[in-house]
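Engineer: fold the stuff below for me.
(3 chains)
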Amino acid sequence: MDYDKLLNDRQLEAVKKTKGPVLILAGAGSGKTRVLTYRTAYLIEKENVAPYHIMAITFTNKAAAEMKSRISTVVGERGRDVWVSTFHSSCVRILRRFALEAGYDRNFSIYDADDSKTVMKAVMKKLNVDPKKFKERTFLSAISKAKDELKGPEEALKDWGHDPVAMLKFKAYKEYEDRLKESNALDFDDLIVKTVELLRTNKEVLSYYQEKFEYMMVDEYQDTNTAQFELVRLLSGGTRNLCVVGDDDQSIYKFRGANIKNILNFEHYFPDATVIRLEQNYRSTKTILSAANSVIKNNEARKDKTLWTENEEGEKIKVCSFESAYEEADYIANDVAVRKRKANDSYSDYAVLYRTNAQSRILEEKFIRENIPYKIVGGVNFYSRKEIKDIIAYLKAIVNPSDDLSVRRIINVPKRGIGEASVEKAAVFATANGKSLYEGLLSSDINPAIKSAASKIRSFTSLIEGFKSRLNESVPTIIRAVLEESGYQNELVIENTDDSKARLENLEEFINKAVVYQNDNEEPTLSGFLEEVALIADIDNLPEGDDYVLLMTLHGAKGLEFDTVYIAGMEDGLFPGFMAITASDGGEELAEERRLFYVGITRARKNLTLTLARTRMVRGEYQTESPSRFLKEISPLLTEGNMPAPSVSSRKTEAPRKKSYTPDTSYNPFKKPVAPKNFGTTIAKAPLSYAVGDRVTHRKFGEGVVLSITDGGRDFEVLVRFDGGEEKKMFASFAKLEKA
DNA sequence: CAGCCATATCTTTTT
DNA sequence: GATATGGCTG
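Structural biologist: Reported below is the predicted structural model:
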């Protein structure tokens, strides 16, 4: 393998610097996956490192699979022994192997966000928390944040203070932990946290892995949190051959605990670190890159770097404004069809990105109408559908009967006449005897509180016991048995509605996945299948071979690239989101949204189209927003279309811009702005000078606040609450409201 | 105990 | 608009 010819100087340096800590600052499209792949190959080929001594951590299973196959293409069979997986999968693997040392049973369940929510609901009930006053979210996100920082209840309490709410959070955290422990279950955060605890407390386990992992690589390092950093630090502590690759400008998971300081301070943690910058972009046109640069430079507190490219100038970026989200979607679907016909390329060369999953529906409709094959990534996860969750609960209960949550979920599904009251009786009996709910159910016959329900409960437990005795059978066989013998399938068959048919299809699909799992794994187990199901990301599930346009959130697009990219919904309040605009954190959240925009722009290789709608249905009512403030950060020299003139923003919450805008003309200093083409198709209504939340004045009623703006077709209906407390709905053109 | 209908709240973003 | 919850009735 001739590495010198395949890589540029910087990339080559990154590949050959195999010893000690290395920080690779890899800008978008600078070939970081290439570097990681060849670095691994180089270790194996040139430095004779045994493949099983190398670990690479990626962000998604898909990325892991891709890297693995690319490594194998370069070094052949040996590549299979490189440990390539996500943080979460790696941790499960470690925890399964050393479950007892970590204080768990080998068959522990993994709770997803839904499960955590259900547990928290029960916790709040126990603590007599008024669900009107507090949402589960409040506690769960506080706990998750604490776990991301490796803080237990006591430590977290120090951060929270000592007011009553803090005490409540503390109690909730403790109770939540107890419940998971009793159920032999771990949530997503636990997977990392408990692994770190294991490595910290158990010297043998720590040195086992430190000796195993002589070389470590971490991709998407900018999105690691404190716990993940600690995990990496511990695992790589034997040799300190740790290579992390990231781009602080692409850090978009702060809300999930990602600690951007991990990248900004890498050199602080590892003073002997080698820092390598990859700044040559091989992906995008000069125009697209120029736009990306001019957007991201509005962020402060970033590692200074400027991406450059030898690629051609390329097409201008299109900015198209529409009356409604409906027209916006119409345009995008139509444009894909037109471009595809002209370019004669594949649907997979196109992607539509948006800020929120809710935007996908309307796009989907238009893609169906235009007869364009598409796939939506994200949104309602396949595995979070009710019927799938039900069947998974059966499987979890069979593998791990301590899993109270799953047992509760299925005990009366389908209906067996075992109600809440009977379950509670069994639960009380179990708790009194220090047993799990399932054990409590097993002893219903000797539970004096349970009388008539005892026989029904017995038939349930013998059903489960029957399944347990068949755990040695293949995973699809077990699932089929559960579906048939529990009566679940039959119930849906009898129902015979469109809905029930769809559910049955989903269950078939689930069995198909089990078949694939069974065939692809050397040692398939039900527990292993459940693990895969729990940790699968939506993007991991896309069928190969078919040709389709991808529709997904900007977050989902991380790490991907396409010839043509549309970013829809470029409106203030949507992107950047309302939360970011109103946040009083000195622009931190806004900066993260800007990074998200940067990620979106840099997904595009050749064409980029930004679209916005003046009105959009949000939560059942029409909202009017002004164009995204981010649009102004792209020089008009780089764009064409009918971008509305920077209007006087109607939001009074707009944060003052820290840097004044200077057009970045470095790549095309001689181009003149192109006259905007009109992409919009409807006659514009008189634009409103105010938006929802603004204070307005009415000639007769005085001052008030705008509660909602509804699109009434020819005119806008505006709902205003006047200071007298009176609410009035009026037509905008008629009422002549003025911004106060 | 189950099934039906009214209502309230929701939204970022996800392994 | 969609979904989760709650209250009511049979």
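
Engineer: near DNA strand B, which residues of the stretch 251-400 of chain A are found?
Structural biologist: A:253, A:255-256, A:355-358, A:378 (C-beta under 7 Å from any atom of the strand). No exception for glycine: its C-beta is placed from N, CA and C like everyone else's.

Engineer: tell me which residue of the stretch 601-740 of chain A lies closest to DNA strand C.
Structural biologist: A:Gly620 (2.4 Å; C-beta to the nearest atom of the strand).

Engineer: so how far is A:Arg137 from that residue?
Structural biologist: A:Gly620 sits at a distance of 21 Å from A:Arg137 (criterion: C-beta to C-beta, to the nearest Å).

Engineer: higher neighbour count, those two?
Structural biologist: A:Arg137 (11 against 5; other C-beta atoms under 10 Å).

Engineer: hmm, back to that, buried subset of the residues of the stretch 251-400 of chain A next to DNA strand B, written for ChimeraX?
Structural biologist: What follows is the ChimeraX syntax selecting those of these that are buried according to 16 or more other C-beta atoms under 10 Å:
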select /A:253,355,357
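
Engineer: mark which of the residues of the stretch 251-400 of chain A next to DNA strand B are part of strands, please.
Structural biologist: Using DSSP state E, no member of these falls in strands.

Engineer: those residues of the stretch 1-150 of chain A touching DNA strand C, which are they?
Structural biologist: A:121, A:131.

Engineer: can you map out the strands along the stretch 1-150 of chain A?
Structural biologist: A:22-26, A:54-58, A:83-86, A:109-111 (DSSP state E, counting those that start in this stretch).

Engineer: pretty sure A:Ala291 sits against A:Lys318.
Structural biologist: No: using C-beta atoms under 8 Å, A:Ala291 is not in contact with A:Lys318; the gap is 11.4 Å.

Engineer: so what's whichever residue of the stretch 301-450 of chain A sits closest to DNA strand B closest to, chain neighbours aside?
Structural biologist: Per C-beta to the nearest atom of the strand, A:Gly419 is where the stretch 301-450 of chain A lies closest to DNA strand B, at 1.8 Å. Nearest non-adjacent residue to A:Gly419, counting by C-beta to C-beta, 6 or more residues apart in numbering: A:Asn412, 7.0 Å away.

Engineer: alpha carbons only: can I get the lengthiest strand in chain A in CSV?
Structural biologist: For chain A, the strand with the greatest residue count under DSSP E is strand A:604-618. What follows is strand A:604-618, C-alpha atoms only, in CSV (Å, rounded to 0.1, in the frame of the first residue of the first chain):
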residue,chain,number,x,y,z
ALA,A,604,-23.3,19.5,0.0
ARG,A,605,-20.8,18.7,-2.7
LYS,A,606,-22.2,20.6,-5.7
ASN,A,607,-25.6,22.2,-5.1
LEU,A,608,-27.1,23.8,-2.1
THR,A,609,-30.6,25.2,-1.9
LEU,A,610,-31.9,27.0,1.1
THR,A,611,-35.7,27.4,1.4
LEU,A,612,-38.0,29.2,3.7
ALA,A,613,-41.7,29.7,4.1
ARG,A,614,-43.4,32.8,5.4
THR,A,615,-46.1,30.9,7.1
ARG,A,616,-46.0,27.4,8.5
MET,A,617,-48.3,25.2,10.5
VAL,A,618,-46.8,24.8,14.0
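
Engineer: how about low-confidence regions in chain A?
Structural biologist: A:643-688, A:698-702, A:710-717, A:722, A:724-736 (pLDDT under 70).

Engineer: quick check: residues of it near DNA strand C?
Structural biologist: A:121, A:131, A:617, A:619-620.

Engineer: ok, and which of these reach DNA strand B?
Structural biologist: Okay, of the residues of chain A next to DNA strand C touching DNA strand B (C-beta under 7 Å from any atom of the strand), that's A:619-620.

Engineer: farthest-apart pair in the residues of chain A next to DNA strand C, please.
Structural biologist: Greatest spatial distance among the residues of chain A next to DNA strand C (C-beta to C-beta): A:Lys121 and A:Met617, at 30.3 Å.

Engineer: more neighbours, those two?
Structural biologist: Using other C-beta under 10 Å as the criterion, A:Lys121 and A:Met617 rank with A:Met617 on top: 16 against 13.

Engineer: ok, longest helix in chain A?
Structural biologist: helix A:498-520 (DSSP state H).

Engineer: give me the residues contacting that one.
Structural biologist: Helix A:498-520 is contacted by residues A:382, A:385-388, A:391, A:474-476, A:479-480, A:483, A:489, A:492-493, A:524, A:528-529, A:532-533 when judged by C-beta atoms under 8 Å, 6 or more residues apart in numbering.

Engineer: so A:Ala113 sits against A:Phe188, correct?
Structural biologist: Yes: counting by C-beta under 8 Å, A:Ala113 touches A:Phe188, with 7.4 Å between them.

Engineer: what about the two, which has more around it?
Structural biologist: A:Phe188 (21 against 13).

Engineer: ok, now which ones touch that one?
Structural biologist: A:Phe188 neighbours (C-beta under 8 Å, 6+ apart): A:88, A:110-113.

Engineer: relative to DNA strand C, which of these is nearest.
Structural biologist: Closest to DNA strand C, out of all of the contacts of A:Phe188 and judged by C-beta to the nearest atom of the strand, is A:Ala113, at 11.8 Å.

Engineer: relative to A:Ser141, how far out is that closest one?
Structural biologist: 11 Å.

Engineer: for the residue of the stretch 251-400 of chain A found nearest DNA strand C, helix, strand, or coil?
Structural biologist: Taking C-beta to the nearest atom of the strand as the measure, the stretch 251-400 of chain A has A:Val380 as its residue closest to DNA strand C, at 7.1 Å. With DSSP: H, G, I helix; E, B strand; the rest coil as the basis, A:Val380 sits in coil.

Engineer: that one - how many residues pack around it?
Structural biologist: 10.

Engineer: can you flag the buried ones in the contacts of A:Phe188?
Structural biologist: The buried subset of the contacts of A:Phe188 - by 16+ other C-beta under 10 Å - is A:88, A:110-112.

Engineer: farthest-apart pair in these, please.
Structural biologist: A:His88 and A:Tyr111 (12.5 Å).

Engineer: ok, A:Asn225 to A:Leu590 distance?
Structural biologist: 21 Å.

Engineer: surely A:Lys151 is within a helix?
Structural biologist: No: A:Lys151 is assigned coil when assessed by three-state DSSP, not a helix.

Engineer: which residues does it contact?
Structural biologist: A:Asp159.

Engineer: how much space separates it from A:Arg355?
Structural biologist: Taking C-beta to C-beta, one finds A:Lys151 at 31 Å from A:Arg355.

Engineer: returning to what we had before: dump the contacts of A:Phe188 to JSON lines, plus distance to A:Phe510.
Structural biologist: Shown next, in JSON lines, are these (distance: C-beta to C-beta, whole Å):
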{"residue": "A:His88", "distance to A:Phe510": "21"}
{"residue": "A:Ile110", "distance to A:Phe510": "17"}
{"residue": "A:Tyr111", "distance to A:Phe510": "19"}
{"residue": "A:Asp112", "distance to A:Phe510": "15"}
{"residue": "A:Ala113", "distance to A:Phe510": "19"}
